[in-house]
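A.B. asks: mind folding the following:
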Amino acid sequence: MDKKKQLPQLSDAFFDQLNKLIEIESSRGLFYLIVIFFFVSLVWGTFAMLDEVTVGLGKVVPSSQVQVIQNLEGGILTELIVHEGEVVKKDQVLVRLSDTKSTVNYKEGRKRYLSLLAANARLHAESGGFDKVTFPPEVLDEASDSVKIETQLFQSQMKSFDESIGYLSKSYRLANDELVRTKPLLAKGAASEVEIIRLERQVNDLKGQIEDKKNKFKADAQAEHNKNQLEIQGLEQSNIYSADQLTRTIIKSPVNGVVKKLHVVTLGGVVQPGMSIMEIVPIEDNLLVEARVKPNDIAFLKIGQEATVKVSAYDFSTYGGIKGMLEQISADTMIDEKNGESYFLIKVRTDKNYIVRDEKHLPIIPGMTAEVDVLTGRKSVLSYLMKPLLKTKQNALRER
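C.D. replies: Numbers count the residues shown, from 1 in each chain. Model prediction:
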């Protein structure tokens, strides 16, 4: 009975000692764990780096001046293809004006130009003594009527010329034959010397008439050719202007950009010469962001520092930002007229003008607000955590 009573007492003492040993080992393990964690945290805090940034608030601005779309001659608005706020590409058609007058002017000038080219081809053949007319390719392609007319005229002119020359040539041959037959008779006394002289003069006169006729025909053709050539040169210039005028009835965008404002919206309305039709804010491959920075934060900003632009229209946590570079810092502070606060104006240029999300390009256009984080340096997590303590200690040592 005594042994049975002692067993529970021995068992309780044993478990008490065991519990104490477990508590000691647990405390010691926890201590080691805390020491290891502190050491790891110290090492991590020493080598882990945080970015130091200066934050500015601003908006995307046009990187070049707003483009004012005008038309030199004006006209009647027949088609307005774009609307305010629309993103347009370079050379995209914006507006069409009535081209009736410009088309008529161009066609008339072109027709006259081709007609003169055809005439000069004929005159060149006439003055050069060629047996056929060689027309320029553009005349053959665009002015078949002129080719037909000038070919017929060439044939008619040459026929008339050949007939007139043929009559003189026949007279010349007859007179020359008579002279040849009469000369032997002079020695026999059957013909006088005066008769021989008369026949020689007649032969020479006819020969001269033939040469004069040929020279006059060529000279007249060359003179008309030269006259036409002067008109052709004038038409070349006027046709260039007419073609340009016709082209300008289709108004295209000079840049990639956004339609800011339309000044003419009524179809059939009159567009005055030189009148502003619309304004386009340029969009380039990169963006220019203007941001305001507090004077207290300006000290560490330098041209060329990296920056991140966070566009407010696209949630940064979802879409991210755009990398850029600090391009300009204002020389002095500026004053906000609304609240009287001073600020420095900085400009950051991005490396692209869009944000990529799910392989889609989300455009960023002038006027969108943005936050700019300019990277001014890096420091360890430990120095960041110790900064308040060091600052407190420094201030405490100054007290008396």
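
A.B. asks: from now on I want contacts and neighbour counts done on CA atoms only, so please keep to that.
C.D. replies: Will do.

A.B. asks: secondary structure class for Gly234?
C.D. replies: Of the three states, Gly234 takes helix under DSSP: H, G, I helix; E, B strand; the rest coil.

A.B. asks: contacting residues for Gly166?
C.D. replies: Applying CA atoms under 8 Å, 6 or more residues apart in numbering to Gly166 gives no contacts.

A.B. asks: per-residue pLDDT, it?
C.D. replies: Predicted confidence (pLDDT) for Gly166: 80.

A.B. asks: which strand or helix spans it?
C.D. replies: For Gly166, the element it lies in under DSSP states H and E is helix 144-188.

A.B. asks: which stretches of this protein form helices?
C.D. replies: In the chain, the helices defined using DSSP state H lie at 2-47, 100-128, 137-142, 144-188, 193-247, 316-319, 381-397.

A.B. asks: can you spell out which helices and strands pack onto the third one?
C.D. replies: Pointing back at helix 137-142 there. On a contact count with 3 or more CA pairs under 8 Å, 6 or more residues apart in numbering; DSSP states H and E, helix 137-142 meets helix 100-128, helix 144-188.

A.B. asks: closest one to Thr350 among the ones you listed?
C.D. replies: helix 100-128 (44.2 Å; CA to CA).

A.B. asks: identify each buried residue in that closest one, please.
C.D. replies: 102-103, 105-106, 109-110, 113-127 (16 or more other CA atoms under 10 Å).

A.B. asks: pLDDT weak spots in the stretch 1-150 of the chain?
C.D. replies: 1-32, 35, 37-51 (pLDDT under 70).

A.B. asks: list the residues that contact Ile210.
C.D. replies: By CA under 8 Å, 6+ apart, the neighbours of Ile210 are 165, 168-169.

A.B. asks: neighbour count and distance to Leu288 added to those residues, as a markdown table?
C.D. replies: Shown next, in a markdown table, are the contacts of Ile210 (neighbours: other CA atoms under 10 Å; distance: CA to CA, whole Å):
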| residue | neighbour count | distance to Leu288 |
| --- | --- | --- |
| Ile165 | 17 | 82 |
| Leu168 | 18 | 87 |
| Ser169 | 17 | 87 |
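
A.B. asks: and Leu230, which of the helices and strands packed on helix 137-142 is closest to it?
C.D. replies: helix 100-128 (10.3 Å).

A.B. asks: and the closest one with helix 144-188, angle?
C.D. replies: Counting by axes from the mean of the first three to the mean of the last three CA atoms, to 10 degrees, helix 100-128 points 20 degrees away from the direction of helix 144-188.
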